[in-house]
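pasting the sequence and the predicted model now:
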Amino acid sequence: MADEAHSEGTGLVFHPMDQFIVKPLFGDGPIHWYTITNVTLWMALAVVGVILLLVMGTRRRAIVPTRTQSIAELAYGFIYKMVEDVTGKDGLKYFPYVMTLFIFIVFANFLGLLPMAFTPTSHIAVTAVMAMAVFLGVTILGFVKNGAGFLGLFWVASAPLALRPILALIEVISYFVRPVSHSIRLAGNMMAGHAVIKVFAGFAAITAIAPLSIAAITAMYGLEILVSFIQAYVFTILTCVYLKDALHPAH
């Protein structure tokens, strides 16, 4: 009650973290694993956006491309080159998966910048599933491709013999930390940026600092557009690095 009275007295009522609350799309009951929520809705919209760009937008391909076809081709070429450069030619067979990850994260991030939207990638539950899928897939692939030789990834042969066991332990720990850092990096950056924008938006209600607040919102929004793409790129290129480790553990 005291907080409410204070908020009413100052005219400042905003809660930056409210935008990350998961809510049922229909009704107000408890949330179960099968409940359709705002997260479900915006992930579905991201999938629809991917289909519209890569399937519908390139269905009538032409020598002189349309804008949609040009964007789709640029995205395709950008990720194809990334996979080839990082993993080598033998990593190109996994290009569809890497491309799907990148384009889904990009759409989820950018849709989250729309007014009243929800950003699925700001939730660790979403990013952790993607990171664990990469981690398990890469680990299984490493053993399938190399057998016990995959364990060579943890043995630093170029180091002095006395240090190799210690370095091997460090490498094992860092390997199992990968899905944690992989997921937290994306979720943390998306959540932080949106929270800061909401804080500045709350101060816009105060007449004395409204112009400064609006300028800060504009600057942060522009930064978030850049961050939305960069974080998708970082998540994707780390996936390629992990894939390279599975294909070439001795390198």
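Perfect, thanks for sending it. Numbers count the residues shown, from 1 in each chain.

what's the average pLDDT for stretch 176-184?
Average pLDDT, stretch 176-184: 95.

I'd guessed Phe20 sits against Ile124; true?
No - in this structure, Phe20 is not within contact of Ile124 by C-beta atoms under 8 Å, at 10.4 Å. In short, each C-beta sits where N, CA and C put it, glycine included.

which residues touch the spatially closest residue to Tyr221 that is not a sequence neighbour?
Nearest residue to Tyr221, sequence neighbours excluded (C-beta to C-beta, 6 or more residues apart in numbering): Ile197, at 6.4 Å. Neighbouring residues of Ile197 by C-beta atoms under 8 Å, 6 or more residues apart in numbering: Ile217, Met220, Tyr221, Glu224.

okay, stretch 68-88 in CSV with CA atoms only?
C-alpha atoms of stretch 68-88 as CSV (Å, rounded to 0.1, in the frame of the first residue of the first chain):
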residue,chain,number,x,y,z
THR,A,68,11.8,-10.0,-50.2
GLN,A,69,13.9,-12.3,-52.4
SER,A,70,16.9,-10.1,-52.0
ILE,A,71,16.7,-10.2,-48.2
ALA,A,72,16.2,-13.9,-48.2
GLU,A,73,19.2,-14.4,-50.5
LEU,A,74,21.4,-12.1,-48.4
ALA,A,75,20.5,-14.0,-45.3
TYR,A,76,21.1,-17.3,-47.0
GLY,A,77,24.5,-16.3,-48.4
PHE,A,78,25.6,-14.7,-45.1
ILE,A,79,25.0,-17.8,-43.0
TYR,A,80,26.2,-20.2,-45.8
LYS,A,81,29.5,-18.3,-45.9
MET,A,82,29.7,-18.3,-42.0
VAL,A,83,29.2,-22.1,-41.8
GLU,A,84,31.7,-22.7,-44.6
ASP,A,85,34.4,-20.4,-43.1
VAL,A,86,34.1,-21.7,-39.6
THR,A,87,33.4,-25.4,-40.0
GLY,A,88,34.8,-26.1,-43.5
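
any buried residues in it, and which?
By neighbour count on 16 or more other C-beta atoms under 10 Å, the buried set for stretch 68-88 is Thr68, Gln69, Ala72, Ala75, Ile79, Met82, Val83, Val86, Thr87.
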